[in-house]
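Student: only geometry, no sequence info:
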């Protein structure tokens, strides 16, 4: 699948790169966008980047998991401050805020009957707790979230709901939304129908034993029930047991808790621009991670790619616009960092906002949301990215939960989309470790972000506000 | 790598299959071995086998993990008795014996300094225990087992030894021995040098978080120390911390225990032959499994492949020799089932012994240890296996720890070697689940074993004893 994808991308790139080739032959196409040679040179040099890998290696080794609002996330901020200063960034600082913190407790499960065996799972963020000695109940089985929704009110009383929907990977990650609903709101739905607890098949495209963590949200007034994700292999095993037709009884022990309000924070670093009135180019990823892995693809990659690309402008000619790199806190657990940033900086002029939060596999597509007056900027961007095998998508840009609050204020969007074919094999699992980073694809990312920063931060055009996607 | 391997195997198969083609043209080569058409037909029909997959699906779903000597292994015997009877085998029975049983307790680890984070590991079989509150000590680092061996006596006093040797996969599995020594005897060596405990990089070729369990053995008079395998990803992370040059302190909690003597057993089933004097054809795998996964590749595959192949002779013409399928108990923890079998049946005449205990990826090679008088049997076997892409190895057969005690008595050996390129990605880990079975490769296995049984069980030649490998 990935080979076919690469082939299609390469063919598309050839087509798109025609304008780039054209610009080296002046006169053939008067309208061809011109990518400054300096930016091409910086982009191509970035294909040998080692800064991004060094950041991911560093934070996964020296900090590891960094759940939002915990002391581990605080250590990550300290580490980041030192790292960004050492890289030579200006105005490096931490901006703190307060947030509610949920933490994991014990988490075990076993089928009690008819086929006793242990199951691997992990509590979902905001999950309620079972009694310390556990909760044993019969399973009410739902192949999909829609089936759970269709269950009559009260029909789940005293039961453990089990939703087994099996995610299929897509390059653009769109299937996360379709299948993820079982996690995002499945527990709330089960709770309102009287369920004692809920387990779901992990929202993931792997076939392994590492469960996928992630947030769930209960509506106001709904008491959180114990809610957990079984590993995909365990969920499939449980489904096979259920298919044999006898009632299946599960014992769950989940003892997570809400621990009250604690400090979190964003780490900010800048490459000062020459024209303060031209607006800030905001880029970043998130510093916090789920607690099972070491946060390499989610989102060590994002902080590394954006900082490594921005660093190239510290070392080169000063850009017109200030490039601001933000390593956001608390993305995974509700986007507190992104909202805190927008509250603190919403009145500053931002030209564009961009986030890297989809691993480190190759960028295959970009999409923008630019004002009509800045249309040439998008065209130059297409020409600058084409040699990397990156095509222009049909949609409107506007991805990224951390930069979302700024985009909602009308800041223009530039999205560089990583390939999601294997992202959900590891997403939010214990398997999100350094080994999942492909150094060559990571370098392609740094080159893409370098090209993007080169075009956007130096664009002579005014980049004004847009209607958000 | 696997494509290249397949190509080489296919080319080799073409070369080897010449005799088989020759036998359809009588007169061209007088000496060409003749594979009876009935056996070719049974072999090819086995390429559509569903029995083997059904057995693996059944035991992983309805029993799951089945550590030797535990009630789970007893449930597995009950399950097996019913399954083998349902398949139509004769003389189906359980033969019990007693054995010492070690069981896992709590197992957690964390780096205390300089880079606090949790590590994933699992205690090795026969590991000693830490105090319940854990053991905290500085790490003494050894890149290889040889480095550990070279450490001066007493130099490890109060320290946790860490051996980081990284296994590389090989098709014939030979690297298990080379790297596995760190597990087999590393703990004993560390104990004799005064270490407080030992952790090793899992003996595995994956890059994941699931640690590889497995037995270790302490010499008489050596007090077992806590001994565990870190997941490969955790071990690599720990190595990176150590590479930064500061002392690394680890906290270990391991509370396994020896629980005394308990019952285990072998499950035996037969396809009766027409000539009781011709000797038994012994085939099998092991029923017990490590407790982290559900024992699909190790060794649900082996019991399934051998039984599925043997079943074809229940349904077809009666073989000359009795085919005896044994699902051995307690292989993983010291081979008690194999020794109990040899003790009970060593005086019966066995023609050959063969074991399947290397997963369910395709059989790529066979090797035999046959008496000179039975040389034509080996040649016919080569001709019968060649169309499946199976080549004759250069070595002498004699694999399989369960059938080892019978081979030591001089019973001839027929080995069908599965490809080990990905076996050690999952071996003894939580990841050894049904999903790791490739149904198409499993069917090739059943076809290979069917062909082998057809040739061996019906050979008109006497198959006498041999000098063991």
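Tutor: Cool, the structure landed. Worth saying up front: this structure is predicted, and the values here are computed from it rather than measured.

Student: When you work out contacts or count neighbours from here on, use the C-alpha atoms and nothing else.
Tutor: Fine.

Student: Please name the nearest non-neighbouring residue to residue A:429.
Tutor: residue A:212 (4.6 Å; C-alpha to C-alpha, 6 or more residues apart in numbering or on different chains).

Student: And for residue A:266?
Tutor: Nearest non-adjacent residue to residue A:266 (C-alpha to C-alpha, 6+ apart): residue A:328, at 4.6 Å.

Student: Need phi/psi at that neighbour.
Tutor: phi -70, psi 150 (degrees, to the nearest 10).

Student: which residues does it contact?
Tutor: For residue A:328, the contact set (C-alpha atoms under 8 Å, 6 or more residues apart in numbering or on different chains) comprises A:265, A:266, A:267, A:284, A:285, A:286, A:287, A:288, A:337, A:338, A:402.

Student: what number of residues lie near the closest residue to residue A:264 other than its chain neighbours?
Tutor: Closest residue in space to residue A:264, ignoring its immediate chain neighbours: residue A:69 at 4.9 Å, by C-alpha to C-alpha, 6+ apart. Neighbour count for residue A:69, taken as other C-alpha atoms under 10 Å in any protein chain shown: 25.

Student: helix/strand/coil for whatever residue of the stretch 301-450 of chain A ends up closest to chain B?
Tutor: Per C-alpha to the nearest C-alpha, residue A:431 is where the stretch 301-450 of chain A lies closest to chain B, at 5.9 Å. Classification of residue A:431 using DSSP: H, G, I helix; E, B strand; the rest coil returns coil.

Student: Quick check: it touching residue B:209?
Tutor: Yes - under the criterion of C-alpha atoms under 8 Å, residue A:431 makes contact with residue B:209 at 5.9 Å.

Student: before we move on, back to that, now list the buried members of the contacts of residue A:328.
Tutor: Among the contacts of residue A:328, the ones that count as buried by 16 or more other C-alpha atoms under 10 Å in any protein chain shown are A:265, A:266, A:267, A:284, A:285, A:286, A:287, A:288, A:337, A:338, A:402.

Student: Am I right that the fifth one is in a strand?
Tutor: To tie it back to what came earlier, the one meant is residue A:285. Yes - counting by three-state DSSP, residue A:285 is found in a strand.

Student: follow-up on the earlier one: tell me what the residue nearest to residue A:266 is bridged to.
Tutor: residue A:286 (DSSP bridges).

Student: And the residue nearest the centre of chain A?
Tutor: residue A:357 (3.2 Å; C-alpha atoms, centre = their mean).

Student: Next, that one: phi, psi?
Tutor: According to degrees, to the nearest 10, residue A:357 has phi -150, psi 50.

Student: Near residue A:344, how many residues? Count them for me, please.
Tutor: 10.

Student: Also residue A:37?
Tutor: 9.

Student: any idea how far it is from chain B?
Tutor: 39 Å (C-alpha to the nearest C-alpha, to the nearest Å).

Student: Identify all contacting residues around stretch A:180-190.
Tutor: Contacts of stretch A:180-190 (C-alpha under 8 Å, 6+ apart): A:124, A:144-145, A:148-149, A:156, A:161, A:163, A:165, A:197-198, A:200, A:203, A:214-219, A:222, A:224-225, A:227.

Student: Mind checking which of these are buried?
Tutor: Counted by 16+ other C-alpha under 10 Å, the contacts of stretch A:180-190 give A:124, A:144-145, A:148, A:156, A:161, A:163, A:165, A:197-198, A:200, A:203, A:214-218, A:224-225, A:227 as buried.

Student: So which of those residues are in strands?
Tutor: Within the buried ones among the contacts of stretch A:180-190, residues falling in strands by DSSP state E are A:161, A:163, A:197, A:198, A:200, A:227.

Student: by contact count, what packs against the top helix by length along chain A?
Tutor: Scanning chain A for the helix with the most residues, using DSSP state H, yields helix A:439-458. With contacts defined as 3 or more C-alpha pairs under 8 Å, 6 or more residues apart in numbering or on different chains; DSSP states H and E, the packing partners of helix A:439-458 are helix A:37-45, helix A:51-62, strand A:280-286, helix A:301-315, strand A:363-369, helix A:375-385.

Student: for the longest one, packing partners?
Tutor: It refers to helix A:301-315. helix A:51-62, strand A:257-271, strand A:280-286, strand A:323-328, helix A:439-458.

Student: what comes up buried for the last one?
Tutor: Neighbour counts over helix A:439-458 (16+ other C-alpha under 10 Å) mark A:439, A:441-458 as buried.

Student: the inter-axis angle of that helix versus helix A:375-385?
Tutor: 150 degrees (axes from the mean of the first three to the mean of the last three C-alpha atoms, to 10 degrees).

Student: Residue ranges in the stretch 101-250 of chain A under the pLDDT threshold?
Tutor: Scanning the stretch 101-250 of chain A with the threshold set as pLDDT under 70 gives no residue ranges.

Student: For chain B, what is the nearest residue in it?
Tutor: Taking C-alpha to the nearest C-alpha, the stretch 101-250 of chain A has residue A:115 as its residue nearest chain B, at 5.1 Å.

Student: Need the nearest residue in space to that residue, chain neighbours excluded.
Tutor: residue B:62 is the one closest to residue A:115 (C-alpha to C-alpha, 6+ apart), at 5.1 Å.

Student: Any idea how many residues pack against that neighbour?
Tutor: Neighbours of residue B:62 using other C-alpha under 10 Å come to 22.

Student: Now do it against residue A:109, distance only.
Tutor: 16 Å (C-alpha to C-alpha, to the nearest Å).

Student: Equivalent analysis for residue A:57, please.
Tutor: 33 Å.

Student: Quick check: residues of chain A near chain B?
Tutor: Counting by C-alpha under 8 Å from any C-alpha of the partner chain, chain A comes close to chain B at A:61-65, A:114-117, A:207-209, A:233, A:237-238, A:240-241, A:430-431, A:433, A:435.

Student: Tell me which residues touch residue A:405, please.
Tutor: A:338, A:339, A:342.

Student: so what pLDDT did it get?
Tutor: Here, the pLDDT recorded for residue A:405 equals 98.

Student: Can you point out the buried residues in the helix or strand hosting it?
Tutor: Using DSSP states H and E, residue A:405 sits in helix A:404-408. Under the neighbour-count criterion of 16+ other C-alpha under 10 Å, helix A:404-408 has A:404, A:405, A:406, A:407 buried.

Student: out of those, who's nearest residue A:276?
Tutor: residue A:406 (18.5 Å; C-alpha to C-alpha).

Student: Phi, psi for the nearest residue to the closest one once chain neighbours are set aside please.
Tutor: In space, and not counting its chain neighbours, residue A:406 is closest to residue A:342: 5.7 Å by C-alpha to C-alpha, 6+ apart. When read as degrees, to the nearest 10, the backbone of residue A:342 gives phi -60, psi -30.

Student: Next one: residue A:342 relative to residue B:277, how far apart?
Tutor: 87 Å.

Student: Those two: which is more packed in?
Tutor: Neighbour count, other C-alpha under 10 Å: between residue A:342 and residue B:277, residue A:342 has more, with 19 against 15.

Student: which of the buried ones among the contacts of residue A:328 lies closest to chain B?
Tutor: residue A:288 (14.5 Å).
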